[in-house]
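**Student:** Could you work out the structure for the sequence below:
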Amino acid sequence: MLKSFTKLALASAIGVALGASALAQEMTLKFQSSDPAGNPNFVLQQGWAESVKEKTGGKIAIELLPVESIVAHNETQDAIAGGILDGHITDTSYFAGKDPAFGLIANPVGAWSSPQEMFDFMSKGGGNELMNELVEPYGLHFIGATTPGLEAFVSKVPLDGVADLKGLKMRAPEGLVQQVFAAAGAAPVNLPGSEVFTSLDKGVIDAADYTVYSTNKAQGMHDVATHPVYPGFHSMPLVEISMNKDKWDALDDATKTALQESVAEFAQSQVAALAERDQVAVAEDKASGKVTVHDWSAEERAKFRTIATGEWAKVAERSDNARKVYDVLTKYLKDNGLMH
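**Tutor:** Numbering: from 1, shown residues only. Sure, this is the predicted structure:
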């Protein structure tokens with residue numbers, strides 16, 4: 001009897017120890033997105049969060065929260081450094097107020113003609129290294145970049161070229177995107193994505209740099225703004241996935257690699273999924289007769305890009321980091337025939 005009890009106690013002790021070990025191995029990280037719940041971007045991000053557990057062999061679980069769940073969309077960086085959040089998936093432009101370099105690397109308006117061009121710059125042209133130089137002093141580590149893709153433009157009024165932007169009340173994230181639109185004659189304001197629809201509906205703004213066509217449509221933007229511009233002429237944001245640097249440093253190399261691979265795979269799947277949805281959404285809107293899709297001429301697109309690239313150099317003068325981003329970016333673009 002005693003021997004049986006001893007065996008039982010030993011088995012129980014081993015079970016408790018193994019359970020404690022499993023709990024110690026699995027880390028749940030709380031990430032906040034800059035997208036609202038239900039937004040197609042957020043739904044795709046939830047897929048990434050689920051993939052992390054599998055990729056890391058159960059070591060990491062991501063709890064993904066929609067925008068404004070814990071802090072405001074432009075306060076996640078401080079929240080991560082302070083341990084309130086563990087990470088974020090967010091448009092890097094939101095931190096341009098801290099350093100203009102964030103705005104320049106996040107959305108060098110007019111630089112990219114496809115998501116892959118940006119991904120190549122990040123992985124082969126020094127972009128990933130630049131991002132870590134920018135975020136690590138704030139207590140973060142940059143894991144990788146994604147993007148919804150080339151954005152469409154939301155408008156309540158017909159826009160067929162640069163001249164039509166003059167005086168246009170519009171939403172754009174702070175930093176370079178706002179600066180370029182202001183240089184083109186528009187009157188941009190900074191609003192979180194969650195307020196765009198209401199602001200359009202109430203006439204606070206007449207247009208918005210929001211996101212890709214299919215997501216704009218899914219969010220009901222074209223119900224109140226029936227003159228979208230597609231393909232977009234302006235913007236393709238860098239959406240960063242970053243986490244608390246101390247927690248990153250504590251991970252083993254295999255887990256770090258798995259996290260980086262999960263982001264790279266997610267980026268490709270997000271771009272492909274949204275591009276396919278865009279084509280369907282455009283066809284539906286054209287068939288409805290209620291939406292007029294505007295496609296800018298090559299000449300008008302070139303005019304806008306000239307305004308945009310002229311603003312990059314101005315941003316470069318505003319901080320040492322911005323100058324470094326400008327130098328690395330323009331060298332890469334020139335070396336790869338993407339800029340003259």
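**Student:** Quick one: list the elements packing against the helix or strand containing Ile143.
**Tutor:** Assessed by DSSP states H and E, Ile143 sits inside strand 140-146. For strand 140-146, the packing partners by 3 or more C-beta pairs under 8 Å, 6 or more residues apart in numbering; DSSP states H and E come out as helix 76-81, helix 115-124, helix 127-135, strand 239-244, helix 245-249, helix 253-288. The C-beta positions use only the backbone N, C-alpha and C, and glycine is treated the same way.
**Student:** which residues are contacting the fourth one?
**Tutor:** Contact partners of strand 239-244, identified using C-beta atoms under 8 Å, 6 or more residues apart in numbering, comprise 29, 31, 34, 48, 80-81, 83, 85-92, 106, 131, 135, 139-148, 263.
**Student:** If we use 6 Å, what do you get?
**Tutor:** 80, 86-87, 89, 91-92, 135, 140-147, 263 (C-beta atoms under 6 Å, 6 or more residues apart in numbering).
**Student:** Report the two of those residues separated the most.
**Tutor:** Taking C-beta to C-beta, the two most distant members of the contacts of strand 239-244 are Asp86 and Thr147; they sit 22.3 Å apart.
**Student:** Tell me which of the two has more neighbours.
**Tutor:** Thr147 (25 against 20; other C-beta atoms under 10 Å).
**Student:** who's in contact with that one?
**Tutor:** So Thr147 contacts Pro115, Met236, Val239 (C-beta under 6 Å, 6+ apart).
**Student:** okay, now the second one: neighbour count?
**Tutor:** Met236 is surrounded by 24 other residues when neighbours are defined as other C-beta under 10 Å.
**Student:** Does it touch Ala111 like I think?
**Tutor:** No: judged on C-beta atoms under 6 Å, Met236 makes no contact with Ala111 at a distance of 8.1 Å.
**Student:** For Glu117, which non-adjacent residue is spatially closest?
**Tutor:** Leaving out its chain neighbours, the residue that sits closest to Glu117 by C-beta to C-beta, 6 or more residues apart in numbering is Leu338, at 6.8 Å.
**Student:** Give me the nearest residue to the residue most central in space within the chain, chain neighbours excluded.
**Tutor:** The C-alpha lying nearest the average C-alpha coordinate of the chain belongs to Val239 (C-alpha atoms, centre = their mean; 2.0 Å). In space, and not counting its chain neighbours, Val239 is closest to Thr146: 4.9 Å by C-beta to C-beta, 6+ apart.
**Student:** and the one you found, what does it touch?
**Tutor:** Val239, Phe266, Ala267, Gln270.
**Student:** rewinding a little: just the helices and strands packed on strand 140-146: most buried one?
**Tutor:** strand 239-244 (a mean of 25; mean count of other C-beta atoms under 10 Å).
**Student:** in its sheet, what does that one sit against?
**Tutor:** strand 87-91 (antiparallel), strand 140-146 (antiparallel) (DSSP bridges).
**Student:** okay, now the residue nearest to Ala37 when sequence neighbours are not counted: neighbour count?
**Tutor:** Spatial nearest neighbour of Ala37, chain neighbours left out: Pro66 (4.0 Å); criterion: C-beta to C-beta, 6+ apart. Look at Pro66: counted by other C-beta under 10 Å, it has 17 neighbours.
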